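[1] Structure, please.
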Amino acid sequence: MPSLSLSKSLDPHEKQDTYTGGYAVKTSCTLPGRNKTEVCVGRGERISKLHSRKRCRFAKNCGKVMDLPPTQVVMPFRPLLKQITNYLNFPDPDYQFVDEPGSIACVVVRRNCGPIASVYIGGYTSSIEESCEVPARKAVYDLMKKYEIVFEDVTYLRKQMYDRCGQLFWFKKEELERIEKEESKVCMNEDLCLGAEDNHKKIVVDFVVILRAIFKIVEIRCTPIETIEHSPDEYTSWFTVMPHKEGIGFRCLFSDYCRTVAVAKQSLARKAVDYLSDVFNLVIVDANYKVTTARFDAILCTLERESYLSVKERVLGIKEDLEPSTVLIEQDCLTPLGQEFQVPVAIPPALICLPRSAF
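    Predicted coordinates:
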């Protein structure tokens, strides 16, 4: 491999906030009576005040609170690359400058201490942090494909949610079709190993890093993360968050019971990321994120429900709208038709009517 002339080496720990996000975020929304507006939120800036002004300004006219526009939170890719190299037992990635005035950096990934290496070069950027993120992202995508690595991140878990939701609707459709054919009821065993990652190497991302990236973008008040030891191998972490200044009270989030402190904090961070993503309508850009893939998974789940509703209307005569309702409705399990599936009911013997003269 031809040698490269690199002018300066970067210390991956030079900036303390490099691993915690804080990159420019671009959001767009359409307001009543306005054209489409785009708001760029830079590093260290906050968005909750902007959203509050939009809600207060237009909620008076329509009588309800508007939905927040989607906001992207870009997960830092440098810690992801470090996780991959550690998993593969590679040396730590080496960040260097190719063009320091233009903030063009590269990252060198070596398989071992030998001369063979892969070099990923970024482009012109406006900051040192961003110049290191561009090649790190290229390296992550390339190594994921080359070594069949699967990251368990926010997008991965969301895809699992869509897949499981669609599978459960498929079970309900199969249940109705068996009732329609008067066939015997079978157990619907759920396959929890969704996806084709069995033959891949799976790495779980650090959800605390994602949580810190969210706090860089969204203005949230919270208490410190606390951890308590119930027993030598049982820990719980928790903290409280106040997502809205005008809100009453707060939300306390808890981890599962975990065997170590680190696992407890990861469990808490995972729940917090999921909660805050829904509250602030956040789009987490991580290793598995693709706009088309996220929409495709949601469409597949919706199609499974639509198919189930079609069978439900045909078998039970119940027509249900495809759009979610504002009314909470509970639907229980169904009992198959057919005489052999009915629950036997004890019928009391008929009473004997005696003539009046007998008394």
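
[2] quick one: least confident helix or strand in this structure?
    strand 36-41 (a mean of 36; mean pLDDT, DSSP states H and E).

[3] Burial check on P101, number of neighbours?
    Per other C-beta atoms under 10 Å, the neighbour tally for P101 reads 7. (C-beta placed from N, C-alpha, C; glycine too.)

[4] Actually, E246.
    By other C-beta under 10 Å, neighbour count at E246 equals 7.

[5] is it fair to say it lies in a helix?
    No: in this structure, E246 is coil, not part of a helix, as judged by DSSP: H, G, I helix; E, B strand; the rest coil.

[6] distance of it from Y275?
    Using C-beta to C-beta, to the nearest Å, E246 is found at 18 Å from Y275.

[7] same question, G102
    Distance from G102 to Y275, by C-beta to C-beta: 41 Å.

[8] Then R137?
    As judged by C-beta to C-beta, R137 and Y275 stand 27 Å apart.

[9] Which one's more surrounded, these two?
    Neighbours per residue, other C-beta under 10 Å: of R137 and Y275, the larger number sits with R137, 22 against 14.

[10] If you drop the residues flanking it in sequence, what lies closest to that one?
    With sequence-adjacent residues excluded and distances taken as C-beta to C-beta, 6 or more residues apart in numbering, R137 is closest to F77, at 4.4 Å.

[11] C165 now?
    C301 (5.0 Å).

[12] ditto for F207
    Nearest to F207 is A269, by C-beta to C-beta, 6+ apart, at 3.8 Å.

[13] so what pLDDT did that neighbour get?
    Looking at A269, its pLDDT reads 97.

[14] contacting residues around it?
    The contact partners of A269, by C-beta atoms under 8 Å, 6 or more residues apart in numbering, come to F207, V208, I210, L211.

[15] Dihedrals phi and psi, it?
    For A269, the backbone dihedrals (degrees, to the nearest 10) come out as phi -60, psi -40.

[16] Quick check: it vs Y275, distance?
    When A269 is compared with Y275 (using C-beta to C-beta), they lie 11 Å apart.

[17] and what of Y120?
    35 Å.

[18] Correct me if wrong: Y95 contacts C132.
    Yes: counting by C-beta atoms under 8 Å, Y95 touches C132, with 5.2 Å between them.

[19] and the two? which has more neighbours close in?
    Each of Y95 and C132 has its neighbours counted (other C-beta under 10 Å); C132 has more, 29 against 25.

[20] Who are the packing partners of the helix or strand hosting that one?
    Per DSSP states H and E, C132 falls inside helix 128-146. Helices and strands touching helix 128-146, by 3 or more C-beta pairs under 8 Å, 6 or more residues apart in numbering; DSSP states H and E, are helix 78-87, strand 94-99, strand 104-110, strand 117-121, strand 149-152.

[21] now that helix: how far from the chain's centre is it?
    Centroid separation between helix 128-146 and its chain, computed with C-alpha atoms, centre = their mean, to the nearest Å, is 21 Å.

[22] And for stretch 272-289?
    6 Å.

[23] what's next to it, contact-wise?
    47-48, 51, 67-75, 77, 80, 140-141, 144, 151, 153-157, 159, 205, 207, 210-211, 214, 217-218, 220, 239, 241, 243, 251, 253.

[24] Restricted to strands, list those residues.
    The members of the contacts of stretch 272-289 that map onto strands under DSSP state E are T71, Q72, V73, V74, F151, F239, V241, R251, L253.

[25] that older thread, wait, the residue nearest to C165 touches Q160, no?
    No: if you go by C-beta under 8 Å, C301 and Q160 don't touch, sitting 11.3 Å apart.

[26] where does this structure have low pLDDT?
    1-67, 191-200, 247, 334-359 (pLDDT under 70).

[27] So which residue is dead centre in it?
    V154 (3.3 Å; C-alpha atoms, centre = their mean).

[28] ranges for the helices of the stretch 201-350 of the chain?
    207-217, 261-279, 291-316 (DSSP state H, counting those that start in this stretch).

[29] out of the ones you listed, deepest packed?
    Burial of the helices of the stretch 201-350 of the chain is given as mean neighbour count (mean count of other C-beta atoms under 10 Å); helix 207-217 ranks first at a mean of 22.
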